[in-house]
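Asks: Sequence plus predicted model, see below.
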Amino acid sequence: MSLITSSIGQGLLWGVLALGLYLTFRILNFPDMTVEGTFPFGAAICVSALVHGVNPLAATILSFFAGMVTGLVTGLLYTKGKIPVLLAGILTMTGVYSVNLRILGKANVGLLNKNTLLNGQLLQKLPINFPTIIVGLIIAIIVIVLLAVFLDTDLGQAFIATGDNEKMAQSLGINTDNMKILGLMLSNGLIGLAGGLLAQNGGYADVNMGIGTMVIGLAAIIIGEVVYGNLSLTARLVAVVIGSIIYRLILLLVLQLGFSTNDFKLISAIILAICMMLPLFEQKFRTRKLLKKGVEKP
């Protein structure tokens with residue numbers, strides 16, 4: 001039971017990262033490679049702040065703003081520097097690695113005996129792993145509500161229009177470059193926030209902890225879309241978080257089958273590939289079914 005509650009809690013925290021990815025990859029149609037640098041950057045800022053005695057809530061908020069900085073850098077490189085989108089993200093990701101080493105002072109820093117957002121006095125009275133579920137659920141709800149409200153505003157609609165059809169958005173007087181920068185800042189802010197939360201949950205920050213995070217986030221998005229199909233935009237945000245929980249439970253099942261944790265990255269890639277191919281298989285199945293009905297029809 002503790003393994004299941006642990007997976008649900010981690011799924012909620014990873015869901016925050018998946019929501020950030022959803023903004024760029026799905027709404028903005030922007031393949032942002034900054035993710036794998038932003039995640040450990042948020043973790044490094046948060047852990048460094050906690051080590052120096054900063055309030056856990058303030059440290060967590062700092063991880064959000066740290067992520068916004070990396071998003072801003074990538075956005076400026078792409079829109080103002082005219083650097084190709086993928087290369088802009090890679091450059092930021094590469095540069096942030098050195099920044100993380102500067103912040104932490106070494107490859108990894110632990111949070112032993114440090115106060116975090118997940119070990120407050122009230123939360124310590126709860127059963128094991130439930131503090132992670134409570135905190136993750138509260139933060140996921142807050143993020144989803146704020147994103148839903150934002151996307152329903154004129155600014156949010158301009159943001160959506162930029163991703164749907166950039167030329168049409170420009171013809172309507174929307175500054176698409178500003179929308180891209182805004183989207184990257186919000187997206188990476190959430191990814192940095194997820195980094196800070198998961199660093200507190202794991203008890204450490206490591207400069208290499210961002211490897212594979214993009215695959216994890218995309219897997220959550222794809223699983224949520226495949227399981228729930230066509231939904232409203234707000235419902236899709238909820239589905240992304242649920243997809244993250246399902247993904248963690250799938251990994252738990254794989255672990256119970258005897259696979260090593262060293263295989264998680266490979267398994268994550270395989271799960272993502274399968275989920276991305278499911279719509280194709282479904283379409284082929286429907287086509288064959290229709291053809292079969294056509295043949296059988298007298």
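Replies: Okay, I see it. Bear in mind the structure is a predicted one, so any value in this text is a computation, not a measurement. Numbers count the residues shown, from 1 in each chain.

Asks: chain center to the strand or helix carrying Leu17: distance?
Replies: Per DSSP states H and E: Leu17 is located in helix 2-21. In terms of Cα atoms, centre = their mean, to the nearest Å, the centre of helix 2-21 is set 10 Å apart from its chain centre.

Asks: List the buried residues for it?
Replies: 6-21 (16 or more other Cβ atoms under 10 Å). No exception for glycine: its C-beta is placed from N, CA and C like everyone else's.

Asks: tell me the mean pLDDT for that helix?
Replies: The average pLDDT within helix 2-21 is 89.

Asks: Then stretch 157-171?
Replies: Mean predicted confidence for stretch 157-171 is 89.

Asks: so how far is the first residue of that stretch from its last?
Replies: 15 Å (Cα to Cα, to the nearest Å).

Asks: For this protein, give me the ranges with low pLDDT.
Replies: In the predicted model, the chain carries pLDDT under 70 at residues 1, 261, 279, 282, 285-298.

Asks: And the strands in it?
Replies: Per DSSP state E, the chain carries strands over the ranges 108-110, 204-206.

Asks: possible to save those as CSV with mean neighbour count and distance to Asn119?
Replies: Below are the strands of the chain laid out as CSV (neighbours: other Cβ atoms under 10 Å; distance: least, Cβ to Cβ, whole Å):
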stretch, mean neighbour count, distance to Asn119
strand 108-110, 16, 14
strand 204-206, 22, 14
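
Asks: May I see those organised as a markdown table, with distance to Ala49 added?
Replies: Converted to a markdown table, the strands of the chain look like this (distance: least, Cβ to Cβ, whole Å):
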| stretch | distance to Ala49 |
| --- | --- |
| strand 108-110 | 11 |
| strand 204-206 | 11 |
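
Asks: Count residues in the vicinity of Ala269, would you?
Replies: Neighbours of Ala269 under the rule other Cβ atoms under 10 Å: 13.

Asks: what does Ala107 give?
Replies: The number of residues near Ala107, taken as other Cβ under 10 Å, comes to 11.

Asks: Quick check on it: phi, psi?
Replies: Main-chain dihedrals, Ala107, degrees, to the nearest 10: phi -60, psi -40.

Asks: dump the residue contacts of the residue nearest to it when sequence neighbours are not counted.
Replies: Closest residue in space to Ala107, ignoring its immediate chain neighbours: Val207 at 5.4 Å, by Cβ to Cβ, 6 or more residues apart in numbering. Neighbouring residues of Val207 by Cβ atoms under 8 Å, 6 or more residues apart in numbering: 40, 44, 97, 100-101, 104, 107-108.

Asks: Good, wrapping up.
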